[in-house]
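Enquirer: the following comprises the amino acid sequence and a computationally predicted model.
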Amino acid sequence: MFKLSNGGVKITKNGFVDALESSPIVVWDKKVPNTELDEFKKNVENKYGKKFDSYWDLHKWSVENYTDFWKEIWYFFDVIASKPFDEVLVKTGPGFLDNEWFSGARLNFAENLMRIRDDRLALVCLDELGNEDSVTFAEMYEEVRQYAAAFRKQGLEIGDRVACIMSNRKEAIFAMLAATSIGAIWSGPLPFHGVRAVANLVTFVDPKIIFAVDHFQDEGEEYPLFDKVVAAGKSAPNATKVIVLATQHETISRLSEIPKSMLLEDFLKSGKDT
């Protein structure tokens, strides 16, 4: 049950929201049957001989029996793994973080995400100019398949690294899932860093492929990235390709300044030719 004040809310000078001190009214008091949470609760009740009268009863059980809880989460969501786990939790030391979860398991999270291939919405993309785009799971699967084929054409293999110099956009997600599906390691140096910082981070990552955009906008501010991409390309001696998503006209004429560069459309075309 959720309650909201009769008078609504007010915004303080600091931008915080305060609920007014009036009598609360109920805005939602309907138990929705057949939710995944309800199904999970019933599974646990049946398997462990429990009866949870509320969400908080289930929560209490999950905290007190966390290995059983996470084991049931694994099974409930049908995690795809090439090798199942041996133990849910192995203590590796005295510290709070000295734990190995699902020891022995091997899986690819891109494989788990990409098993959904229907027309449900996977991504809703909106930029600061109001341009909106949506991508279904079926469309995303096809995009990732094409990106993966192109990565393989460029020689990307298990254990290789890909450095992404890009804002949050669908192309970055497609490329990340594609690289992950191959077994490559994805790294994203923040595009807000300066030229030298980006170059240093790329040198540290030592990528085989750099995936970049030439420009983006954030909170109304323009961020030209071309010079950072040039520096990144020169700072990665083992990089075989720098893939560039060109959003500015001058990028195409200056592309040769980036070592081993290739436009995104040509990169994707190379995968179709395989």
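Expert: Structure received.
Enquirer: where along this protein do the helices fall?
Expert: 36-48, 55-64, 66-76, 109-113, 137-153, 170-182, 195-205, 226-234, 249-254, 264-272 (DSSP state H).
Enquirer: domain-wise, how is the protein divided?
Expert: The chain breaks down into these domains under the TED database: 36-107, 117-272.
Enquirer: want to throw the ones you listed into a markdown table with mean neighbour count and mean pLDDT?
Expert: Every residue, glycine included, has its C-beta placed from N, CA and C. As requested, those are exported to a markdown table (neighbours: other CB atoms under 10 Å; pLDDT from 0 to 100):
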| stretch | mean neighbour count | mean pLDDT |
| --- | --- | --- |
| domain 36-107 | 13 | 96 |
| domain 117-272 | 17 | 93 |
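Enquirer: for Asn131, which of the helices of the chain is the nearest?
Expert: Among the helices of the chain, helix 170-182 comes nearest to Asn131, with 11.9 Å by CB to CB.
Enquirer: who are the contact partners of Ser62?
Expert: Phe69 (CB atoms under 8 Å, 6 or more residues apart in numbering).
Enquirer: to clarify, my last question referred to Lys208.
Expert: Per CB under 8 Å, 6+ apart, neighbours of Lys208: Gly155, Leu156, Asp160, Arg161, Val162, Ala184, Asn238, Ala239, Thr240.
Enquirer: is the fifth one bridged to anything, and to what?
Expert: Pointing back at Val162 there. Beta-bridge partners for Val162, by DSSP bridges, are Trp186, Ile209.
Enquirer: my read: it touches Ser187, true?
Expert: Yes - here Val162 reaches Ser187: they are 6.9 Å apart, a contact under CB atoms under 8 Å.
Enquirer: list the residues that contact both of these two?
Expert: Pro207.
Enquirer: circling back to that earlier point, quick one: closest of the helices of the chain to Leu123.
Expert: Closest among the helices of the chain, once you apply CB to CB, is helix 170-182, at 5.7 Å.
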